[in-house]
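> only geometry, no sequence info:
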Ligand SMILES: CC(C)(COP(=O)(O)OP(=O)(O)OC[C@H]1O[C@@H](n2cnc3c(N)ncnc32)[C@H](O)[C@@H]1OP(=O)(O)O)[C@@H](O)C(=O)NCCC(=O)NCCS
């Protein structure tokens, strides 16, 4: 699939939500538990700070958003974590395994280095083997597993923590 990877802008909100909401509604892939409105997504994008990274993967043939990857500072209550970002990756459920994440990761690594990050960190549901395999393929290592760390629809889910030095 021919793709463009570029920074998200507020007009991408509807496209991002149409990738994100079916993933959230599948209830087995992400720690997000409620769908987003287009308006909420638009204001999130409008409010992005200079150190945030938000890339969309756009299909070249019809300009449809087929994936996105975002990264934000791990914490802002101290400068101790200024070099650490938290990443999330979401690919349209109908367009998986076509190399979209493979295109997003290097673009985000490059932007992250430019913005002064030295390390990327994230949380993945322990039952999401595909996401774990994807992140490992892109150089992340498993730090450990936090047991019964998320509670979704009353069910406890273990969460795997992964990290990658840039
Ligand atoms: C995880 C996810 C982002 C992968 O995106 P993708 O565009 O399908 O991934 P790619 O096509 O670039 O595949 C990259 C590598 O990931 C692994 N991978 C991807 N899909 C896989 C699958 N179905 N089974 C096993 N490994 C898989 C493989 O190592 C693959 O490389 P290969 O095909 O050359 O062997 C996508 O499946 C997704 O959005 N899932 C739902 C949301 C989610 O789980 N996000 C992660 C939590 S932040």
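Sure, I can see it. Nothing here was measured: the structure is a model prediction, and the numbers come from that model.

> contacts, neighbours, all on C-alpha from now
Noted.

> Tell me where the model's unsure across the chain.
Counting by pLDDT under 70, the chain shows no low-confidence range.

> Which positions in it make contact with the ligand?
When proximity is defined as Cα under 6 Å from any ligand atom, the chain approaches the ligand at 23, 29-30, 88-91, 96-102, 124, 130-131, 133-134, 137.

> Just those: which are in strands?
Among those, the members falling in strands (DSSP state E) are 88-91, 124.

> Just the buried residues of those.
Taking 16 or more other Cα atoms under 10 Å as the criterion, what is buried in these is 89-91, 124.

> Tell me which two of those sit farthest apart.
Taking Cα to Cα as the measure, those span a maximum distance of 14.9 Å, between 91 and 124.

> center of the chain - which residue?
The chain has residue 88 as the residue nearest its centroid, 1.6 Å off, counting by Cα atoms, centre = their mean.

> list the contacts for that one?
Contact analysis of residue 88 by Cα atoms under 8 Å, 6 or more residues apart in numbering lists 69-71, 122.

> Endpoint to endpoint, stretch 135-142 covers what distance?
Across its full length, stretch 135-142 reaches 9 Å end to end, with Cα to Cα, to the nearest Å as the criterion.

> Tell me how far that stretch lies from the chain's centre.
Relative to the centre of its chain, stretch 135-142 is centred 14 Å away, using Cα atoms, centre = their mean, to the nearest Å.

> Stretch 142-149 too?
On Cα atoms, centre = their mean, the centre of stretch 142-149 falls 18 Å from that of its chain.

> and if you look at stretch 156-166?
Offset of stretch 156-166 from its chain centre (Cα atoms, centre = their mean): 13 Å.

> And the contacts of it?
Contacts of stretch 156-166 (Cα under 8 Å, 6+ apart): 109, 113, 117-127, 135, 139-151.
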